[in-house]
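Asker: Build me a structure from this.
(one chain, ligands or ions: 1)
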Amino acid sequence: MEDSAEKKPSSSSVASSLYSSTGTTKEECERMIQKSFRSPTVKFLREHLEKAGCSVNRNFFKAIECDKQISGGYLREEGILVCSNHMTFQDEVDQVIIHELIHAYDDCRAANLDWTNCAHHACSEIRAGHLSGDCHYKRELLRGFVSLRGHEQECVKRRVLKSVYANPHCSEEAAKQAMDAVWDICYNDTKPFARAM
Ligand SMILES: [Zn+2]
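Answerer: Modelled structure (predicted):
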């Protein structure tokens, strides 16, 4: 997956390290992916992808083993990848699927979305981080971040920077500038949700 990062439009997600994760097998992870389709949020996003003309069937999702500390990723041509060796609980798989489905939705609705453009990438990461609930305070407490005031936005920012900086086309400085430039618009763009969870 990492080798293909420069050739294919992609977005990888930083591992959330919620639990002292031992990981699972690819087979078990495939089973958990199947189970995530029962999550109301996953159902909702798949319905909206279909409405937008980008149906995602079971083959769109794949469990793989990842070398890097990432939880999963979205590749335009390949679909959504979940890193089985960094997944232990169903909740983690659901979370990755929801986050990556938001990237797939962005890719679907914006025909000109360019993953090599740091601002485009930052915008989708802001939305995925905010709308997936990646930064819900319970998850932040588990990660050991205890500051509650403004924690959600700080958490989204931290994760956006990591993801965009991992993009071979974006330096640390470019990632920061891109995120700041698009923050307000993208943070407040909650489509297809009526508002953030
Ligand atoms: Zn992402």
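Asker: Averaged pLDDT, stretch 180-192. What do you get?
Answerer: What stretch 180-192 shows for mean pLDDT is 97.
Asker: My error: substitute stretch 108-125 in the last question.
Answerer: 96.
Asker: That one: how far from the chain's middle?
Answerer: From the chain centre to the centre of stretch 108-125 is a distance of 13 Å (CA atoms, centre = their mean, to the nearest Å).
Asker: Give me the residues contacting that stretch.
Answerer: 9-11, 49, 52-54, 76, 102-103, 106-107, 159-160, 163-164, 167, 169-170, 174-175, 177-179, 181-182, 185-186, 189, 191 (CB atoms under 8 Å, 6 or more residues apart in numbering). In short, each C-beta sits where N, CA and C put it, glycine included.
Asker: Compute the first-to-last residue distance for that stretch.
Answerer: End-to-end span of stretch 108-125 (CA to CA, to the nearest Å): 15 Å.
Asker: residues from the chain in reach of the ion?
Answerer: Residues of the chain lying close to the ion (CB under 5 Å from the ion) are Ser11, Ser13, Glu125, Ala128, Ser163.
Asker: Show me just the buried residues among those.
Answerer: Ser11, Ser13, Glu125, Ala128, Ser163 (16 or more other CB atoms under 10 Å).
Asker: Have a look at the residues you listed and tell me the least confident one.
Answerer: Among those, Ser13 has the weakest pLDDT, 68.
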